[in-house]
Structure formats: C-alpha cells, structure tokens
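Student: below is the structure, and that's it, no one-letter string:
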C-alpha cells in the first residue's frame, strides 16, 4: 500500500504530542511518523486514453492486451469487456441510458463477490442502465480480481459493458460516478482499535486524494470498510473538490436488521416497519431509533408495549446480529451486507416513498438536530432520486434517545481526534472510549 | 445420510457380478451392498400441516417455535418468515401471483449463497412473484442454514414470504414447484469417479423418491450437483410419478462459457452470439456446438475462419474455464454457476427469443437426432415460457460434431450402467472411460 503525504504535522510534532498528551493518550500513530516522508503521492497523472481492442471486421481477432508502462500498476480492461460496441447503433440498446462508471474497492472480497453481480444484473440501477465496473484490489489480490472478471464474463450480463481491474486508485477511480469503498484491513489479533483507525484511515486518505484527482466531480461515495464513519470523514477531507455531501458511511445493514427485529417482536412482516433511523456511528454505540420508527404506520411504542425490551434488548439484538451470524454460519455477513449496499444506492437513485426515510452516515454540516458538526453521522434522509438527499426534519427526541445520540456523537468526535493526522487537522490524539467495533465487520 | 432401498439386486448378486464382469469392471459399488439393508426408507409420511406463528393482534408476540416430534429432522419456518400475512388484503401485493415453492438442496453452500438471494430479489421469477424458499441441508450444516436464513431475514426482500430449513428431503420438498438440487459430495482425495457416482447417486435416488412422494406433481427439477446428468437420471428414475421431462441437468454454465469464448475469438460482445448448444454430458466429453451456433446471425464458421481453433482449442477453453478460475480465484465458480441456474430457470419461464434456443440436459425419450434413449443428455431446447420445453429440430450435424456426440453419449451410457443399482435396473457395471469430471465442480 502506498503511504500518503501527511500535513501539517511532522514526526517531531507527533512525538512531542505523545509526551504532552500522555494522560489522555492510549495510542499515538508514531509508526506513521516514520513512514510519512518515505513515499509522497505523485501528482495526479494525465488522463490515459482507454484502450479498446479495435475490431474492424468480423475476421477472427483476439482482444489486444492494453499497453502500459507498468502493467502491474495500471488498470486494464478485461477480456470480452475490452471490445468496442456502439449502444446507440443497436435496436435493443439504443434507448438505454449513458454508461455509468462504478468503482469498487475490495473487489476480490466476499461482499463484492455478491455486490458486483447485483450491479451487473441491473438490480441497482435498473434494466436500461449499462454499467462499467472498475475493480480495485491489492497487489496480493490481483489474480483473484481476474477470477472475478472471468466470472463476470461468463455471466453474459447484457448491461455489463466494461470491466477493468487495477491496484492503483488513481487509475481505477478515473471518471467514477459511484465509488463503493469496501476494501479495508481487518483487525489483526491484539490490534488496538486506534491502530486499525490509523491503518484503514491511511487507505481512505489515499483513496480520497485519488477520488479528488480523477473521479467525476459529482461522484457519490459509499464507505463500507470499517470503521466506516471515520473512514468516510477521512476520505472526504482528502477530497476537497468533491462535495462533502456526496460521501456516505454504510449504516443500512443496521437499519435493515433493526427493521427485522422490530417486525419479529411485533409479529408482523418486515414490510410493515418504516421510518427506522440508525443514528450515529456504525459501532456498538449506534442508536437504532424506536421513538420515531413506525409499524403499520403507528409509532412503534404503540405497537410494542414492552419498553424494557425496546430499551434494553432491541439495540443489542441489532448490534449483535453480525456476531451471531458468524457463529452460525462461520463467515461474516457478506450477502446481506451487499444487499444493504444495493438498498443504500437505490435509496439515492429512486424517490423515497411518501412519509418514509432511510438512514445513511453523512457529513454533518448544518444539521437541524443539534448534532456536532464536521463528523460523519448516520441520520434520517430522503431523496428525490437524483443521487442527492436531504435530512428529515420532523423527528422527535426524548431524553433516552438524545442521551444515546450524545454517546455515539462523543465516540465519533474521539475517533476524529484520533485521525487528525489523516484529515489535515493537526496532531492525532487517541482517547477512544471502550472497544466498540462490531464483530465480523470488514 | 439415510441409505436407500435398492432393487432388484441383492448383495450376493452384486458380489457375483464383481466376479463375473471382472474383465470389464473397474469398480463395483460393493460397499453399497452391505449398506443397502441397513436403512430402508420409510414410506412417505402423512402431510404435516404448515405451522404458522399465529398473530392475532398488534400486541407484542414473538414467533412461536414450530412443534415437531423430532425438531432436528423436521423442516421449520424461520424467524420472521413464520409470520402470517395475507397478500390479497394488501394494496401493494394484491395483484401478485400465487406464492411459489422453491426447494434448494445444498442450501448452506456457496452456490446457494448466491442463488437464494437472486431468487428472493425477484431476479428469476419476476417482481410480482412471491416466493417460499425451502432450504435443505445436512445435519452438519444445520447451523449454517440458520445463518443463511438470518441473512435472508436481514435482506428484507418483499417477495420472500416464507423460508423454512430442514435436513429431510421428505419435509423440505413438500409441495415444491421447483427443486434446485445443488448439494452433492465433492470428490475426496483419491476417490474414483465410480465411487463418486455411487455416493452422489444415492443422494439423488433418495431425493428422487422424496420428490415423488411429496413434491408438486409438476415440479421442475434442476440437478446441479455432479455428475449432474447421471444424478438427474437417477433422480427421475426414482420419481416415476413425476414426468421425466421435468428433470434437467445444468449445462447452462457451459453454454454461457462457450458463448463468451466465441465472442472473444470473434471480437464481438457476447450478446451477439446465439444458438449455442452444449451436447451431452456435463464433463470433459461435453460438445460445445460451433456448427449450429451463430454470431450476429451468421454461422460461426463464416465469422471465425480459424477451424483449427474451433476444433482443437474452443472446446478445451470451455471445459478448462472452471479449473482456470480456481487457479486465479482460489475457489470454484459459485457466482457464475448461480447466474447460470438463474438463466436456466428463466429460459423455462419466459418465451425463448425468436430463432434462438438454450441448452439443458434432459431425458432422451423420442429425440429427433438419433441420440440413445433413456439417458439425460444436453440438447437444444425452446420454451414458450410455461416451464416446459421442446427440442429444436432444425439443427445440422457433420462428421466431426456427430463423432463427438457419440463419445459423450458413450460416456453417459457407461455412467448409466454404473448406477444401475440406483435406477432399479439391476446390477451396476462400472466400465467408465477416462476421468472426465470437470475440475472444481460440486
């Protein structure tokens, strides 16, 4: 992984900080201090023309390999997806929309293995939206990326018109209209949460810079890799030319799980549950909101009278779902995570049903609730389907809800301080509350 | 796994056969001879009423566990899918079709992990077809089945109305309108092909009996577990009350791969390739037919003039695709296999495009080509979308194509003799040609 340029602090500052803040400091990313001068990210490259395998006749011709200076670094079109085509010239495809570029990081992982096929099948953007998938992996996963591309080839999806693979975000994010940032390092044994924040934060800082340099100016970014809220914050801080509003941290799986648990408790099918907000961080401090949620159009509290369950068991059930699943199934919840990413995108590209809303972690910048500004916080949103959203204003708070919102807010503010070296806001100070990572989250 | 009743041979016959046919015999399933009297399948049970968790008010009520005599054997509805509902009473669902029952074996495996979510999303049967998924696993995979059901819950698919899990096909196949038989034992190290045929054949014999006893009288069965052609033959022979025409062996992934390879060679996008038949067995003797296939409506041979490639490389490329993918990706092709199962079902429930066809392994019973009767052979088919199909008559053969069809036919006839003890046709005689299993196939 390429290391990133850090500013404005220097190693000596960081070391000083380590001494100065020792009473509050549980972790200082000093390892970074040594690395930060090793590899300064080169300026964005000039645009590389996409190389198609030109096909001029019906004569036999295998796709031509893409010429690159360093084939291991450049993203390359793959196999049948290198071929030229003209959608406008064909009867079946002439009414299709313009091709959309979707970049996916962690593309060789299990979540992507579900998600990419859903994207290619038209499940997300619809049956008249041709799609280009740009797959970002690591040096280590390069062969696996080819395997994914081969399976996409063999699936013969009509809407899937381009697939390219690469390991450099400056290539893979080029002209991206959606960037789905799934790849992140899992926490190793004994690794402190602050260390994970730092390691993954570096990835998202680099990817933010890459998006800033090469992506579409209105790219929508969904951060899935954990800790996703703070990763999203790091990413947007490193992409000043892209609207901060365009960055999302995925809390949709939590919302979906909360809906399911409320449905189970109330004895109704899950389609009867609406207006569920996940407030705050995608961690165990998250706040699934049963005060504003509805079942069959009625406030949850009028349907589920068991306040003790709501206050003491419900949230835990939502948070512990991932861990329970790992225990049963032996793997983390790749399939339902992919479904929730589909849901998150669809919520932005289709109008929100009348009276309902969805949760997504977004940048706080003038929110009506009084939540701290300048963090990424999951809140209730609506969309008219243009990819943008607005915050829902008509929500209510009680002391119970508000106190829990303050707890998750405090955690996010602490995480933010812990990654200050990655957001360009000075010296990192890591004073994190207890370990609140969700189990099995990637 | 429950052993099955075998007839008409007895162990002494089998042992005698072993001596008598020694010149031709590479394997005699003598292990079966010892087991066959151990566990005679009980007669089909009386119908168990489906137990819903009755919900009578909006009062809090957790789903009631399904009472069973032996909860480990019975299939059970899972979680939120135990709830009652009335599709006709709701505005959004009142125009939906009648619920369809889809049973899936090997439901805790990777292919199913892709397929189940596609089924639930409406990708296969459409957006107005509510679906009940009945998941069959093994004793060992029971917990994993629960994990799958949990992820299906958390996905909140509106069309997915029932999920039940179980380990007894006599429960799980009850009223099945589609049975997707994916589960099979993988070949262990050093296991002979004949031994695999025997082990998996027993599974499919038992499942055939179960389908015969409890499934819908017009259930459509797609056998994916390998060796799938002969497994399908065993299955249909054990289900005499279900039309033999309703059983399919999956060769659609081979067809998809063949289309992709032809597209690559011709330098066209894969949607330009049509009329591709896979003839025969889903093994390395399979015959991807380039004589009848078309590219942009023209015979392949008019577009791809490289006859040497067509005759010597094309088929190998199709067959070796799975192995190449395992090498790249480290796993077998679960995602694209699931896509091909979706394709196979969709080909039966939607009208085949004018002039085109699809491949599926079906029971030979009066075929127009002169292929041996009474085996399961992949052939070109068309459907009007009612779930049924007819064989395509206007195909041509040349010496090259026909000689290869005869080779795969010979293999299937040999496989059939090797499982005679499972089809009720006497004593098994295993004289199989070389090892022709495809790598990584499950």
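Tutor: Structure received. Computed from a predicted model, the values in this text were never measured in an experiment. Numbering: from 1, shown residues only, chains lettered A, B, ... in the order given.

Student: residues from the stretch 151-300 of chain A in reach of chain B?
Tutor: Contact residues, the stretch 151-300 of chain A versus chain B (C-beta under 8 Å from any C-beta of the partner chain): A:151-158, A:161, A:253, A:256-257, A:259-260, A:263-271, A:295-296, A:298. Where C-beta positions appear, they are placed from N, C-alpha and C, glycine not excepted.

Student: just checking, residue A:295 touches residue A:304?
Tutor: Yes: with contact defined as C-beta atoms under 8 Å, residue A:295 reaches residue A:304; the gap is 7.4 Å.

Student: neighbour count winner among the two?
Tutor: A direct count of neighbours by other C-beta atoms under 10 Å in any protein chain shown for residue A:295 and residue A:304 places residue A:295 higher, at 25 against 22.

Student: name whatever forms a beta bridge with the more buried one.
Tutor: Beta bridges link residue A:295 to residue A:273, residue A:298 when assigned by DSSP bridges.

Student: residue A:422 belongs to a strand?
Tutor: No: the assignment for residue A:422, made by DSSP: H, G, I helix; E, B strand; the rest coil, is helix rather than a strand.

Student: how many neighbouring residues does it have?
Tutor: Count around residue A:422 with other C-beta under 10 Å applied: 29.

Student: tell me how many other residues crowd residue A:146.
Tutor: Residue A:146 sits with 22 neighbouring residues when counted by other C-beta under 10 Å.

Student: so what's the nearest residue to it once chain neighbours are set aside up against?
Tutor: What sits nearest to residue A:146 in space, not counting adjacent residues and going by C-beta to C-beta, 6 or more residues apart in numbering or on different chains, is residue B:328, at 4.9 Å. Neighbouring residues of residue B:328 by C-beta atoms under 8 Å, 6 or more residues apart in numbering or on different chains: A:143, A:144, A:146, A:147, A:150.

Student: tell me the SS of residue B:328?
Tutor: Under three-state DSSP, residue B:328 falls in the helix class.

Student: measure it to residue A:334 for me?
Tutor: 19 Å (C-beta to C-beta, to the nearest Å).

Student: residue A:206 too?
Tutor: From residue A:206 to residue A:334 the distance is 24 Å (C-beta to C-beta).

Student: try residue A:437
Tutor: According to C-beta to C-beta, residue A:437 stands 17 Å off from residue A:334.

Student: compare these two (neighbour count), which wins?
Tutor: residue A:334 (21 against 15).

Student: which element is residue A:377 on?
Tutor: Here residue A:377, judged by DSSP states H and E, is contained in strand A:376-382.

Student: any idea of the mean pLDDT for that strand?
Tutor: Model confidence over strand A:376-382 averages 98 on the pLDDT scale.

Student: do the same with stretch A:146-154
Tutor: If you average the pLDDT values across stretch A:146-154, you get 96.

Student: pLDDT weak spots in chain A?
Tutor: For chain A, the stretches with pLDDT under 70 are A:1-73, A:439-442.

Student: centroid-nearest residue for it?
Tutor: residue A:223 (1.5 Å; C-alpha atoms, centre = their mean).

Student: and it, what are its bridge partners?
Tutor: Legend: beta-bridge partners of residue A:223 under DSSP bridges are residue A:181, residue A:249.

Student: distance check, it against residue A:246.
Tutor: Plainly put, residue A:223 is 11 Å away from residue A:246 if you go by C-beta to C-beta.

Student: around chain B, which positions in the stretch 301-442 of chain A sit nearby?
Tutor: Going by C-beta under 8 Å from any C-beta, the residues of the stretch 301-442 of chain A near chain B are A:303-306, A:309, A:321, A:324-325, A:327-331, A:333, A:335-336, A:338-340, A:343.

Student: mind doing that once more with 7 Å?
Tutor: When proximity is defined by C-beta under 7 Å from any C-beta of the partner chain, the stretch 301-442 of chain A lies next to chain B at A:303-306, A:321, A:325, A:328-330, A:333, A:335-336, A:339.

Student: could you check which residue of the stretch 251-400 of chain A lies nearest chain B?
Tutor: Among the residues of the stretch 251-400 of chain A, residue A:329 lies closest to chain B, at 2.5 Å counting by C-beta to the nearest C-beta.

Student: name the SS class of the nearest residue to residue A:241 once chain neighbours are set aside, please.
Tutor: Closest residue to residue A:241 apart from its sequence neighbours, by C-beta to C-beta, 6+ apart: residue A:212 at 5.2 Å. Classification of residue A:212 by three-state DSSP places it in helix.

Student: next, the contact list for residue A:212, please.
Tutor: A:238, A:239, A:240, A:241, A:242 (C-beta atoms under 7 Å, 6 or more residues apart in numbering or on different chains).
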